[in-house]
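*Asks:* A structural model of the following input is requested.
(3 chains)
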Amino acid sequence: MTSIGTGYDLSNSVFSPDGRNFQVEYAVKAVENGGTAIGIRCKDGVVLALEKIISSKLLKAGANKRISTVDRNIGVVSSGLLPDGRHFASRARDEAAQWRRTYKAPIPTSALANHMGSYVQMYTLYSSVRPFGITAIVGGWDPEIELPVDGQVGSGPATGSGGKKEGAKHGGPFLYMIEPSGLYWGYYGAATGKGRQSAKSELEKLDLAAGNLTLEEGVKEAARIIYAAHEDSKDKDFELEMTWVSSLDGPTKGRHQEVPKELLEEAERLAKKALEGDDDDDDEKMED
Amino acid sequence: MFRNNYDNDSVTFSPQGRIFQVEYASEAVKQGSVVVGIVSKTHAVLAAIKRNAEELSSYQKKIIPIDSHYGVALAGLASDARVLSNFMKQQSLASRLTYDRAIPLAEITLRIADRAQSNTQNYGKRPYGVGLLIAGVDARGPHLFEFQPSGVTQEMQACGIGARSQMARTYLERNLEEFEGASREELVKHALRALKESLAQDKELTIENTSVGLCGVDENFKLYEHAEVQEWLETTFENREAPAEEEGMEVDSDS
Amino acid sequence: MNHLPQAWGRPRDDVYGAYSNSFLQTSGPTTHTQSPIVTGTSVIAVKFKDGVVIAADNLASYGSLARFTDVKRLRKFNTRAVVGFGGDVSDMQYLDRLLSSLDIRENYAEESPDAQLHAKNLHTYLSKVMYKRRSDFNPLWNHLLVAGLDGENKPFLASADLLGTTFSSPTLATGFGAHLAQPILRRTVPDEATVASVTKEQAVELVKESMKVLFYRDARSMDKYSIAVITKEGVELKENEKLENQSWAFAEGIRGYGTQVN
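*Replies:* Prediction:
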């Protein structure tokens, strides 16, 4: 930590002589201690998954959901300071609502990521605020068909061109990750939090850019990756929280929802099995 | 020399990504006297130790009824709790007025949590110096939430916060299995026993220093104090030494 | 000649005299909606032992012109609440969006149906919205019926109008229906006590008959309509029903208008 004692790291929005904003870098440190969160963009939807460390036996099991729904078709999961994550999600919901008031239609995932990137960035500009202590993953499905405008109650005239282009492609699955600096990228597979390194290397193996992975496979891979990423902090109990959003004709009908219990349990069973398999391999190697 | 430069305000991260002002605020919670809360399938209970500044002074309020379906117990700065509880009362009333609905506990908890969070991200504010247990019953059944100055809120099966509350939590963890199916009376007894665990050696639970808040499905939240907790104290600690109890009764008959 | 941009498109001063800006005055008292523009007519509803039946035709009139003929005036809110709109259609669309945003907020967390807003909650909310707007002298020009189930899953039916007035009864009708359908509905369901003995089939039949009478006598009505039945099983909404077994035999006997003199 060369920064300590130089005085350039004591206030937000201050550059050090070598052009760094230390307060933002320290905010990233808060993220690095959080439970692992990942998102996978599959060909027919998006999966979000979170490793939720159980800090106390007294917590109500299965409550305390941490992946939030924004509008109806977008999910947000974050790693880092919990209350900052809620602030982020709450702002995202406001942005989506405001978009609807203006355009009478749901916000595209890309526009939400863009707005939230700007919002997070604002918290790096002033000494009167601190940056967000989270990295957020935003995943959503933008409708592939033309939806009725909000408030539309009839179909209007049946004839007339309407100026539509035939065969134009709309919507699909989208995934973004927003960092404390406000920087964001689109991803095929995104990971953040404590176990991000191992999660990233697992995600890279999936060849997501090819676009062959189905949503259901994605759910199982996500569970496996979270279980694998948890290996480093094995001493702590955790709950796996997982949500998904599919196309309008898929299992969630374009909505962001929790993964159904049966599928979640099946995915967890397979994840545990895969881990045991790894252990066996390790044992064999050791025997060798 | 070794002064911590990163603990002057709540808008500065330390190099490890910690916010010391928020952590210090959590220490204020540990200065407050202990409160515990437990939920069963049918009831939610709060129990608290009240402190008095001196012999002749009154006891500090620890449990605040908010709406007919829930109340809060506090540990830490009582004045901060009053600000938060006033806000909760307003919000609860607004829900009843606009929707004719008892505000869901998860919702009201999130609203104060979001307020607390903004105090940790903006200069010129300070984090709240109080921890709350929010207990009651809504359309989804009985609930217990823990609120911390950092803005962290968690739904709990049982919880204890305040001075020496680790002892209470140990008791709660040990008896965790029994809570869900416990009856109204059993639940209160568990709460009082957990409270007793956190008490200093020479202290006793008396009708002066004990508050109980109770709420159930088809039972409004009610604060029980003084004579109303006597029977619970007697049945919970049957083999207790007599003097403390008699002393309590005398004061009661005087008032 | 003045070639400055601010003179473009203006009458020439040298020909017509100086342009009077008084026509561009925007000051004066603020005015709000004084009357509805595109309107829907009656909504009728009746309670029965397990729920509520509600219906409205699919017409939106522009004055006396039957302007839009596929306008859906029943809006499902969730599995236990439906709102029927009479009055201004654009205000209905505003309320529809308002309900959508409420629905989005209510569904951030996945909840069991029992924990969601029920018809009574929704009616309280809508009546506050209506009353607020009338108190701002900017009313939403609608008369709403909220039909569904209350917190105990019992049938619930109530109305709220543009003044914020609320009313509840086992049978309700707005607009022309309040005069023409309400007496017919009351013949079968005169009071709250009778509700328990009315079956779903009876209630649906009663509503259909009333819709027919409304079509016979209300010039702003149509024979295509929507009908919803709300019970514990959920909402059964049909939006393209056609009035059946119409008989216009009575028309011949009507005297006093048209080409007839007496």
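*Asks:* and the gap between the residue in chain C that chain A sits nearest to and A:Pro148?
*Replies:* Taking C-beta to the nearest C-beta as the measure, chain C has C:Gln93 as its residue closest to chain A, at 3.6 Å. Where you see a C-beta, it was placed from the backbone N, CA and C, and this is true even at glycine. Noted for C:Gln93: a distance of 11 Å to A:Pro148, by C-beta to C-beta, to the nearest Å.
*Asks:* Looking at these two, which one has more neighbours?
*Replies:* C:Gln93 (19 against 12; other C-beta atoms under 10 Å in any protein chain shown).
*Asks:* circling back: can you list phi and psi of the residue of chain C closest to chain A for me?
*Replies:* Comment: the main-chain dihedrals of C:Gln93 come out as phi -70, psi -40, following degrees, to the nearest 10.
*Asks:* hmm, stretch A:27-37 in reach of chain B?
*Replies:* Yes. On the criterion C-beta under 8 Å from any C-beta of the partner chain, stretch A:27-37 is in touch with chain B at A:27-33.
*Asks:* could those go into a markdown table alongside neighbour count?
*Replies:* Supplementary listing: the residues of stretch A:27-37 next to chain B in a markdown table, determined by neighbours: other C-beta atoms under 10 Å in any protein chain shown:
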| residue | neighbour count |
| --- | --- |
| A:Ala27 | 29 |
| A:Val28 | 19 |
| A:Lys29 | 17 |
| A:Ala30 | 24 |
| A:Val31 | 25 |
| A:Glu32 | 15 |
| A:Asn33 | 15 |
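*Asks:* Point out the ones among the residues you listed that are inside helices.
*Replies:* When helices are assigned by DSSP state H, the members of these inside them are A:27-32.
*Asks:* Looking at the residues you listed, which is nearest chain C?
*Replies:* Sorting those by how near they are to chain C, with C-beta to the nearest C-beta, puts A:Val31 at the top with 23.6 Å.
*Asks:* ok, for the closest one, nearest residue in space, not its chain neighbours?
*Replies:* For A:Val31, the nearest residue in space outside its immediate sequence neighbours is A:Gly80; the separation is 4.0 Å by C-beta to C-beta, 6 or more residues apart in numbering or on different chains.
*Asks:* Find the nearest non-adjacent residue to C:Ser61, please.
*Replies:* The spatial neighbour of C:Ser61 that comes closest, neighbours along the chain excluded (C-beta to C-beta, 6+ apart), is C:Arg220 at 4.8 Å.
*Asks:* Run through the residues of the stretch 1-150 of chain A sitting next to chain C.
*Replies:* Taking C-beta under 8 Å from any C-beta as the test, the list of the stretch 1-150 of chain A residues beside chain C reads A:65, A:68-69, A:71-72, A:93, A:96-97, A:100-101, A:104, A:150.
*Asks:* Can you classify whichever residue of the stretch 101-250 of chain C sits closest to chain B as helix, strand or coil?
*Replies:* Among all residues of the stretch 101-250 of chain C, C:Thr124 sits closest to chain B, at 4.0 Å; criterion: C-beta to the nearest C-beta. Reducing the assignment to helix, strand or coil with DSSP: H, G, I helix; E, B strand; the rest coil, the entry for C:Thr124 is helix.
*Asks:* which one is it nearest to, not counting chain neighbours?
*Replies:* B:Asp100 (4.0 Å).
*Asks:* which residues are in contact with stretch A:167-175?
*Replies:* Residues from elsewhere that reach stretch A:167-175 (C-beta atoms under 8 Å, 6 or more residues apart in numbering or on different chains): A:39-46, A:108-110, A:113, A:137-146, A:186-190, A:245, A:247.
*Asks:* for stretch B:56-66, same thing?
*Replies:* The list of residues contacting stretch B:56-66 from outside it, by C-beta under 8 Å, 6+ apart, reads B:33, B:35, B:46, B:48-53, B:71-75, B:78, B:81-82, B:85, B:88-89, B:92, B:108, B:136, B:208-209, B:211-213, B:221-223.
*Asks:* Who are the contact partners of the closest residue to chain C within the stretch 1-150 of chain B?
*Replies:* Among the residues of the stretch 1-150 of chain B, B:Asp100 lies nearest to chain C; the distance is 4.0 Å by C-beta to the nearest C-beta. Applying C-beta under 8 Å, 6+ apart to B:Asp100 gives the contacts C:120-121, C:124.
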